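# Fold the following for me, if possible:
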Amino acid sequence: MLVTIEDKPRRPEWLRAPAPVGANYRELKDLVERLKLHTVCESAACPNVGECWNHRTATFMILGNFCTRRCGFCAVQKGAPLEVDYDEPRRVAEACDALGLKYAVITSVNRDDRRDGGAELFAMTIEAIRDRLPDCKVEVLVPDFQGSQEAMAAVMNAHPDVLNHNTETVPRLYRQVRMGARYERSLAMLRYAKRIRPHVPTKSGLMLGLGETLDEVRQVMRDLRAHEVDILTLGQYLRPTPKHLPVFRYVGREEFDELKRAGYEMGFSHVEAGPLVRSSYHAHEGAGQAGGPRC
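This next block holds a predicted model:
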């Protein structure tokens, strides 16, 4: 897993994202600051922030800006969590209304300090958006809630349109990449979500380039399908800072294309695969492919 300076791979020229500029980008940034909200786009240093914000889409991050886990890949700040802000769901709904959203994505930091892992606020946020924007679809990208079925049920009973929980990497690399998480627990939570609301599409994603093999990735894909996951995202891991895990290699576009074809052959209803793909990238397209009524 260790990459020396001599072995460090050089980022390909084609792996570049547009700079975050433009009128829509500035408007959304001002809105987020005014309403005192967080977005994973900024907090996790997403390379697509310029593209997405200029299309007036964003992934709102609730429950503060400090995570209780120290995953080796993630740029979100680590530390003592903030007090839960019960007005936050109203402000997220206000932001969605101001942006005229038809599709909203809500995620959070890990809140292992709370018994429900923050599930209550996820449910409140879904309900606040629905009250203000009845036609807006809501996708939630949730943590593993430390395996609490009660917490997952609270989220699913608020009727999200898509339930997303990322496996992030292959089981062999979990200790380095996803400290505090367990592969089997993540799969179990995805299956439990489907059991509660069978018609709600479930979704998961992996980062590539951390030292996994393509055979290991394919096995995770098979495991996800065995747990009835509908939508898959595959993207290139990009090191946020020198303190984070190094990039083991840059995955070629042809490999992403190959995995995308394999995903459809396995039965995923929608697959997004490419160097700059992230969990919520083109999220509305995946939800449209998965379909399914609210229940």
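
# Just the buried residues of stretch 258-276, please?
259-260, 262-263, 268-276 (16 or more other CB atoms under 10 Å). Bear in mind the C-beta positions are built from the backbone N, C-alpha and C, glycine included.

# Likewise for stretch 212-227?
So stretch 212-227, judged by 16+ other CB under 10 Å, has buried residues 212, 216, 217, 218, 220, 221, 223, 224, 227.

# just the residues you listed now: which is nearest residue 155?
Each of the buried residues of stretch 212-227 was scored against residue 155 by CB to CB, and residue 227 proved nearest at 17.0 Å.

# right, and that closest one touches residue 193 too?
No. At 9.6 Å, residue 227 does not count as touching residue 193 under the criterion of CB atoms under 8 Å.

# picking that back up, could you identify the least confident member of the buried residues of stretch 258-276?
On pLDDT alone, residue 276 ranks lowest of the buried residues of stretch 258-276, at 87.

# Thought residue 65 was touching residue 81, still the case?
No. If you go by CB under 8 Å, residue 81 and residue 65 don't touch, sitting 9.2 Å apart.

# Which one's more surrounded, these two?
residue 81 (19 against 16; other CB atoms under 10 Å).

# The more buried one is in what secondary structure piece?
Under the criterion DSSP states H and E, no helix or strand holds residue 81.

# State the pLDDT value of residue 67.
The model's pLDDT for residue 67 equals 73.

# Without its sequence neighbours, what residue ends up closest to it?
residue 109 (4.0 Å; CB to CB, 6 or more residues apart in numbering).

# Would you map the strands across the protein?
For the chain, the strands defined by DSSP state E occupy 38-39, 59-62, 66-67, 77-78, 103-108, 137-141, 162-164, 202-208, 231-236, 270-273.

# So which of the ones you listed is nearest residue 114?
strand 103-108 (10.6 Å).

# Okay, angle between that closest one and strand 137-141 too, please.
20 degrees (axes from the mean of the first three to the mean of the last three CA atoms, to 10 degrees).

# quick one: residue 262 and residue 215 touch, right?
No. Residue 262 is not in contact with residue 215 according to CB under 8 Å; the separation is 11.1 Å.

# quick revisit: mutual contacts of residue 81 and residue 65, please.
Both residue 81 and residue 65 are contacted by residue 109, under the criterion CB atoms under 8 Å, 6 or more residues apart in numbering.

# Next one: residue 115 relative to residue 267, how far apart?
36 Å (CB to CB, to the nearest Å).

# same question, residue 194
Counting by CB to CB, the gap from residue 194 to residue 267 is 14 Å.

# Where does pLDDT dip in the stretch 151-295 of the chain?
280-295 (pLDDT under 70).

# let's go with 90 and repeat that
For the stretch 151-295 of the chain, applying pLDDT under 90 flags the ranges 179-180, 238-244, 276, 278-295.

# so where do the helices sit in it?
For the stretch 151-295 of the chain, helices defined by DSSP state H, counting those that start in this stretch occupy the ranges 174-177, 183-196, 214-226, 253-266, 283-290.

# No further questions, thank you.
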